[in-house]
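S.K.: sequence? don't have it. structure:
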């Protein structure tokens, strides 16, 4: 129910004079929320009971809510992949409580401390491979997924809106 903005991002956005600067949150909160229902209705994809790893749910809360609503058994990897803390989050309520405590502090630091930017987006640093292996579906920002995933992910479905020609 609360929006958290990195101070660094707000500073950049405030510099926009002639053209607006957007951060993708509108797309994340609308299209990502709708994609789950679309996949169910138009592609026949079932989420109920599926194990889903959403690598960073605070940044993609609409997707997180849609997955839970669809009946997926979710693991939110915000502490795992954002902070390197080996604690998976399993509920939206837990995610909201975490955000209320941690986000006001974290948003004061550079975003690059928590999210791969620039050339770091192509660095490969596998972490918490068991979470990837246990999941049927892996969702979220592909830069985060690629950075931390194991070398192989056979038989996994990936849901992302971060796509490259690769």
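M.R.: Good, I have the coordinates. Keep in mind it's a predicted model, so treat the numbers as computed, not measured.

S.K.: What is the subsequent helix or strand relative to the helix-or-strand element of the chain with minimal mean pLDDT?
M.R.: Least confident helix or strand of the chain, by mean pLDDT, DSSP states H and E, is helix 7-14 with a mean of 78. Next helix or strand after helix 7-14 toward the C-terminus (DSSP states H and E): helix 25-43.

S.K.: And that following helix, what's buried?
M.R.: Under the neighbour-count criterion of 16 or more other C-beta atoms under 10 Å, helix 25-43 has 28-29, 32-33, 35-36, 39-40 buried. Using the backbone N, CA and C atoms, a C-beta is placed for each residue, glycine as well.

S.K.: Check which helices and strands the next helix or strand after that helix sits against.
M.R.: Following helix 25-43 in sequence order, the next helix or strand is strand 51-54 (DSSP H and E). For strand 51-54, the packing partners by 3 or more C-beta pairs under 8 Å, 6 or more residues apart in numbering; DSSP states H and E come out as helix 61-69, strand 73-76, helix 129-134, strand 137-139.

S.K.: Right, I'll leave it there.
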